[in-house]
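> next input, structure requested:
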Amino acid sequence: MSNNVNYRRRRDGKNKKKKIILFSSIVLVVIVSGMLSAKYIHSKSINADASERTNNNEIINENKVDAAPKEELKLDNSGYLTAEEDPNADSAAFVEKYLYEQSLGKMPEGADGHKVAYLTFDDGPSESVTPEVLKVLKEKDVKATFFTLGKSINESDRTKELLKEIVKDGHAVASHTYSHDYKYLYPHRTVSIENFMGDIEKNNETFRQVLGKDFVTKTIRFPGGLMSWKGQDAIKEKLQEGGYSYIEWNALSKDAEGKTKVASELLEEVKKSVAGREKAVILMHDASGKDETAKALPGVIDYLREQGYEFKSIK
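Next up is the predicted model:
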């Protein structure tokens with residue numbers, strides 16, 4: 001009997017011990033699992049926060065990029081304005097058409113009762129006359145158009161600087177060919193398309209070398225005027241293909257015609273030739289030796305203003 005009791009006690013003790021061990025194991029497993037879960041959740045939370053911060057930074061950076069002012073693409077052309085950009089200029093196409101229709105005896109389409117004077121200077125720049133012309137134009141606050149020659153531009157560093165001055169002062173730069181060589185441009189008094197267009201392109205290259213690689217002018221004047229030569233239709237078609245406009249004139253000072261004139265005589269010639277003109281394209285010269293033109297210019301401008309003319313350039 002005593003042996004049976006002792007056996008049961010030992011057995012119950014072992015069972016109790018097993019239960020304690022099992023319980024302890026379960027508790028340990030639960031604790032470890034909980035710790036691992038907490039660590040996983042915490043890690044995931046950190047990653048999520050980091051990801052959110054990254055996304056937010058990307059959005060902020062994108063907004064900064066969008067908000068950053070976009071730098072305008074600057075042309076390498078000495079700041080030369082187009083006719084559309086320049087409030088002091090009319091388009092060469094408009095002036096060309098106006099003069100052509102007027103030459104046919106028609107009422108020009110652009111006739112609107114508004115008097116405009118276009119002062120134009122051929123054959124420069126020159127070291128002696130162009131600076132005086134620019135000085136008067138600045139003093140009188142008038143814009144003009146300079147039909148320049150490549151050979152004149154390339155005469156010296158000073159003439160190159162004068163071309164830049166013309167642009168800086170807000171005037172129009174146009175092409176009068178490179179050479180002004182009648183025999184080369186107009187063999188047998190007929191316009192040579194190949195020679196003429198080659199000379200225009202040579203002049204364009206001179207402009208680019210001095211004023212910048214992006215400089216463009218599509219305004220030209222024929223040496224002697226197109227009306228003086230044969231082969232007009234063919235060269236007109238070629239110019240139209242290239243987007244060029246050619247500008248003649250309907251008034252002049254006669255500073256390159258007949259005997260040499262003094263300033264007062266040049267002024268009288270302008271007065272006679274602009275009479276009755278609504279739009280007056282006035283031919284003058286700023287080549288070397290045309291000092292009287294520069295002297296006459298203040299009087300020419302004052303007279304035209306008295307007659308109600310506004311001054312514009314041609315681009």
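> how about E109, what does it touch?
E109 makes contact with K97, Y98, E101 under the criterion C-beta atoms under 8 Å, 6 or more residues apart in numbering. Every C-beta, even on glycine, is put in place using the N, C-alpha and C of the backbone.
> how about the strands in the stretch 1-150 of the chain?
Secondary structure of the stretch 1-150 of the chain (DSSP state E, counting those that start in this stretch): strands at 89-90, 116-122, 145-148.
> isn't P223 right up against K183?
No. Counting by C-beta atoms under 8 Å, K183 is not a contact partner of P223; they are 11.2 Å apart.
> the more surrounded of the two?
P223 (21 against 10; other C-beta atoms under 10 Å).
> how about the contacts made by that one?
If a contact means C-beta under 8 Å, 6+ apart, then P223 has H176, T177, H180, Y182, L185 as its contacts.
> farthest pair in the residues you listed?
Within the contacts of P223, two members stand farthest from each other by C-beta to C-beta: H176 and Y182, at 12.6 Å.
> low pLDDT regions in the stretch 1-150 of the chain?
Filtered on pLDDT under 70, the stretch 1-150 of the chain yields the residue ranges 1-72.
> now do the helices in it.
Using DSSP state H, counting those that start in this stretch, the helices of the stretch 1-150 of the chain run over 2-67, 92-103, 130-140, 150-153.
> next one: the stretch 201-315 of the chain
All helices of the stretch 201-315 of the chain, identified by DSSP H, counting those that start in this stretch, fall at 232-241, 263-274, 291-306.
> out of those helices, which comes closest to E127?
The nearest among those, by C-beta to C-beta, is helix 291-306 at 11.9 Å.
> tell me the domain boundaries of this structure?
When the chain is parsed with automatic domain parsing, its domains come out as 1-70, 89-314.
> now those domains as JSON lines including distance to L81?
Formatted as JSON lines, the domains of the chain follow (distance: least, C-beta to C-beta, whole Å):
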{"stretch": "domain 1-70", "distance to L81": "21"}
{"stretch": "domain 89-314", "distance to L81": "7"}
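> what's the most buried one of those?
domain 89-314 (a mean of 18; mean count of other C-beta atoms under 10 Å).
> now the helices of the stretch 201-315 of the chain as a markdown table including distance to K151 and mean pLDDT?
Formatted as a markdown table, the helices of the stretch 201-315 of the chain follow (distance: least, C-beta to C-beta, whole Å; pLDDT from 0 to 100):
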| stretch | distance to K151 | mean pLDDT |
| --- | --- | --- |
| helix 232-241 | 21 | 98 |
| helix 263-274 | 25 | 99 |
| helix 291-306 | 20 | 99 |
